[in-house]
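S.K.: here is the input, now give the coordinates:
(one chain, ligands or ions: 1)
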Amino acid sequence: MRAAMVSKFGGPEVFRLVETPDPVAGDGEVLIGVEVIDTLWVETAIRSGAAQEYFPMRPPYVPGSGIAGRVLQVGAGVPRGLLGRRVVAHTGGVGGYADRAVVAAEAVVVVPDSVDLAVAAALLHDAVTALALFDVTKVGRGDGVLVVGASGGLGLLCVQLARARAERVVAVARGAKLERVARLGPDKLIDSARPDWIAQARAVFGEHGADVVLDNVGGQLGEAAFMLTARGGRFSAHGSPSGRFASVDWQAADERGVSATGIEAAQLTARDRSAYLEQALREAAAGVIAPVIGQTFPLDQAGAAHAAIEGRAVFGKTLLTTGI
Ligand SMILES: NC(=O)c1ccc[n+]([C@@H]2O[C@H](COP(=O)([O-])OP(=O)(O)OC[C@H]3O[C@@H](n4cnc5c(N)ncnc54)[C@H](OP(=O)(O)O)[C@@H]3O)[C@@H](O)[C@H]2O)c1
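M.R.: Reported below is the predicted structural model:
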């Protein structure tokens, strides 16, 4: 099999394409012929060595926690009916940047015929997280929702879900990507590069503020967004591409009755992940959500994919394909 391996901590150039013998499915496992691979911003942070405190990966390792493809082999105790099925699966954290991967059978979800494998791979993390965050922040019909960092894979799905479930959604993005976010039809689009972006958001939500704020960016932008949260509202500080999570002013949150949650709200059990993934595939099949796949790179260009993500040159979801 071919795999894109991180040879040492460093820039995107540390990727090496390696050939190794195909793995074999053990008891309770399946071997997947991987066609499409999800990528995540956090994988670039891990590869750079900046996240060693939080993640156990040490080079050499093959990144990748989300894959879609066909089941090639089932181990003992796994229904043979899975053979040949189109599936999407969590790898458990590593090993996904490859054209073969062995995963636990319970991590595998069958993809409906009407859903493309690339779409399934794009939903694997982003839609699962978006659905979980919408439950945690209890987004309801009458709510005004503010999505900060709306141009990312997760942000765009938050905008779509908010359109389907809430009263109003305001999307915050920046620069040339604004026009593309506008195609998703948020009620208001705000350029975070403008000094008056907070005033613009206040003009939409009024003194009441936003019932729910979903912060995909963190840092100062997230902290400013926190101040836009309504009394009794919900603030999710799960994003950190700015370099850090928004630090919540707990006293202000207390005084205003704001329920604030952090990255822990997006850390799910395997069972919950699978349930949300099945829900995401159903919602995609029904046309409620449609992940925006902005760019796709071949597996041997995994470094270029990481460079694009780090260079903020991507829009929506970035996927890898193996060509098998
Ligand atoms: N995807 C998931 O399932 C998941 C799960 C848990 C937590 N999260 C976290 O949620 C955040 C967003 O995830 P994502 O998957 O949507 O990532 P993504 O697709 O890479 O999007 C990143 C977003 O952050 C913005 N951004 C990037 N670098 C920035 C910087 N230096 N300063 C300010 N904004 C910046 C981007 O906007 P520009 O157009 O301005 O670059 C984009 O809107 C990440 O912190 C991720 O770790 C994601």
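
S.K.: how many residues are close by residue 138?
M.R.: Residues lying near residue 138 (other C-beta atoms under 10 Å) number 11. Where you see a C-beta, it was placed from the backbone N, CA and C, and this is true even at glycine.

S.K.: SS state for it?
M.R.: Of the three states, residue 138 takes coil under DSSP: H, G, I helix; E, B strand; the rest coil.

S.K.: residues in contact with it?
M.R.: Listed by C-beta atoms under 8 Å, 6 or more residues apart in numbering, the contact partners of residue 138 are 212, 234.

S.K.: which residues are in contact with the single nearest residue of the stretch 101-250 of the chain relative to the ligand?
M.R.: Residue nearest to the ligand within the stretch 101-250 of the chain: residue 152 (2.1 Å; C-beta to the nearest ligand atom). Listed by C-beta under 8 Å, 6+ apart, the contact set of residue 152 reads 41, 216, 241, 316.

S.K.: let's see 10 Å
M.R.: Residue 152 sits next to 41, 126, 158, 173, 177, 216-217, 239, 241, 292, 294, 309, 312, 314-318 when contact means C-beta atoms under 10 Å, 6 or more residues apart in numbering.

S.K.: which helix or strand in this protein has the lowest average pLDDT?
M.R.: The helix or strand of the chain with the poorest confidence is helix 250-256; it has a mean of 93 (mean pLDDT, DSSP states H and E).

S.K.: ok, back up a step: in strands, which of the contacts of residue 152 fall?
M.R.: In this view, the contacts of residue 152 that belong to strands under DSSP state E are 173, 294, 317, 318.

S.K.: overlap between those residues and the residues near the ligand?
M.R.: Checking the ones in strands among the contacts of residue 152 against the ligand by C-beta under 6 Å from any ligand atom, the ones in range are residue 173.

S.K.: now do stretch 210-222: distance to the chain's middle.
M.R.: Chain-centre distance of stretch 210-222: 16 Å, with C-alpha atoms, centre = their mean, to the nearest Å.

S.K.: who's in contact with the residue nearest the centre of the chain?
M.R.: For the chain, residue 126 is the residue whose C-alpha lies nearest the centre (C-alpha atoms, centre = their mean; 3.0 Å). Residue 126 is in contact with 38, 40, 66, 152-158, 280, 289, 291-292, 316-317, counting by C-beta under 10 Å, 6+ apart.

S.K.: which non-adjacent residue is nearest residue 59?
M.R.: Among residues not flanking residue 59 along the chain, residue 8 sits closest, at 4.7 Å (C-beta to C-beta, 6 or more residues apart in numbering).

S.K.: neighbours of the one you found, just the number please.
M.R.: Residue 8 has 11 nearby residues by other C-beta under 10 Å.

S.K.: domains in this structure, by residue range?
M.R.: 2-110+292-321, 126-266 (automatic domain parsing).

S.K.: pLDDT on the first one, on average?
M.R.: To tie it back to what came earlier, the one meant is domain 2-110+292-321. Averaged across domain 2-110+292-321, pLDDT comes to 97.

S.K.: next one: stretch 239-246
M.R.: 95.

S.K.: what comes up buried for it?
M.R.: For stretch 239-246, burial by neighbour count (16 or more other C-beta atoms under 10 Å) applies to 239, 240, 241, 242, 245, 246.

S.K.: for those, name the two members farthest from one another.
M.R.: 241 and 246 (11.7 Å; C-beta to C-beta).

S.K.: common neighbours of these two, please.
M.R.: Joint contacts of residue 241 and residue 246 (C-beta under 10 Å, 6+ apart) are 217, 218, 219, 221.

S.K.: ok, and the most crowded of those residues?
M.R.: In the shared contacts of residue 241 and residue 246, the most neighbours by other C-beta under 10 Å go to residue 217, 26 neighbours.

S.K.: can you list the residues of the stretch 101-250 of the chain near the ligand?
M.R.: Where proximity means C-beta under 6 Å from any ligand atom, the interface of the stretch 101-250 of the chain facing the ligand comprises 125-126, 129, 149, 151-155, 173-174, 177, 216-217, 238-242.

S.K.: make it 5 Å
M.R.: Residues of the stretch 101-250 of the chain lying close to the ligand by C-beta under 5 Å from any ligand atom are 125-126, 129, 149, 151-155, 174, 177, 216-217, 238-242.

S.K.: restricted to helices, list these.
M.R.: Within these, residues falling in helices by DSSP state H are 125, 126, 129, 153, 154, 155, 177.
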